[in-house]
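Visitor: here's a sequence, model it:
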Amino acid sequence: ALFGGYPSLQTDFVGARFAATDLTGRAGLAEVLAVRNYQGLKRMFAAPDHIAAVLAAVTVAAGAGLPEIEAMTGLKTQGVQRILIWLLKYDFVKRV
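Guide: Residues are numbered from 1 along each chain as shown. Predicted coordinates:
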């Protein structure tokens, strides 16, 4: 299969816990969003302040799960999951 070497995972994050990764020496969230230019390309998957809120929640409450992140951000499950997928992809957060 053409894309057989690409790892993929489908999940709903039930029971998953998250923590922020160490960003020492790396670009921060604002810099990555600016370089990716999602807004300019009209491909924004979530508002930048929502992305920042989820990252902040995970940073403050290491080991937080989906219910805690939703409670701390006021965002709905689907939005939080979409943001978590992106944060995982760019190594801003990790599963613990």
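Visitor: where exactly do the strands run in the chain?
Guide: With DSSP state E, the ranges of strands along the chain come out as 17-20, 64-65, 93-95.
Visitor: need the contact partners of the helix or strand of the chain at the bottom of the mean pLDDT ranking.
Guide: Least confident helix or strand, the chain: helix 29-36 with a mean of 87, by mean pLDDT, DSSP states H and E. Contacts of helix 29-36 with the rest of the structure, by Cβ atoms under 8 Å, 6 or more residues apart in numbering, involve A27, P48, I51, A52, L55, Y90, F92. In short, each C-beta sits where N, CA and C put it, glycine included.
Visitor: circling back to that earlier point, in JSON lines: the strands of the chain, plus mean neighbour count, distance to R36 and mean pLDDT.
Guide: Shown next, in JSON lines, are the strands of the chain (neighbours: other Cβ atoms under 10 Å; distance: least, Cβ to Cβ, whole Å; pLDDT from 0 to 100):
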{"stretch": "strand 17-20", "mean neighbour count": "19", "distance to R36": "19", "mean pLDDT": "96"}
{"stretch": "strand 64-65", "mean neighbour count": "18", "distance to R36": "25", "mean pLDDT": "96"}
{"stretch": "strand 93-95", "mean neighbour count": "16", "distance to R36": "17", "mean pLDDT": "95"}
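Visitor: show me the one of the ones you listed that comes nearest T77.
Guide: strand 64-65 (11.5 Å; Cβ to Cβ).
Visitor: in PyMOL, select just the buried ones from the contacts of helix 29-36.
Guide: Selection of buried members from these for PyMOL, criterion 16 or more other Cβ atoms under 10 Å:
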select buried, resi 51+52+55+92
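Visitor: which of the contacts of helix 29-36 fall in helices?
Guide: Within those, residues falling in helices by DSSP state H are P48, I51, A52, L55.
Visitor: can you list these in TSV and add pLDDT?
Guide: Listed next are these as TSV, based on pLDDT from 0 to 100:
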residue	pLDDT
P48	91
I51	96
A52	96
L55	97
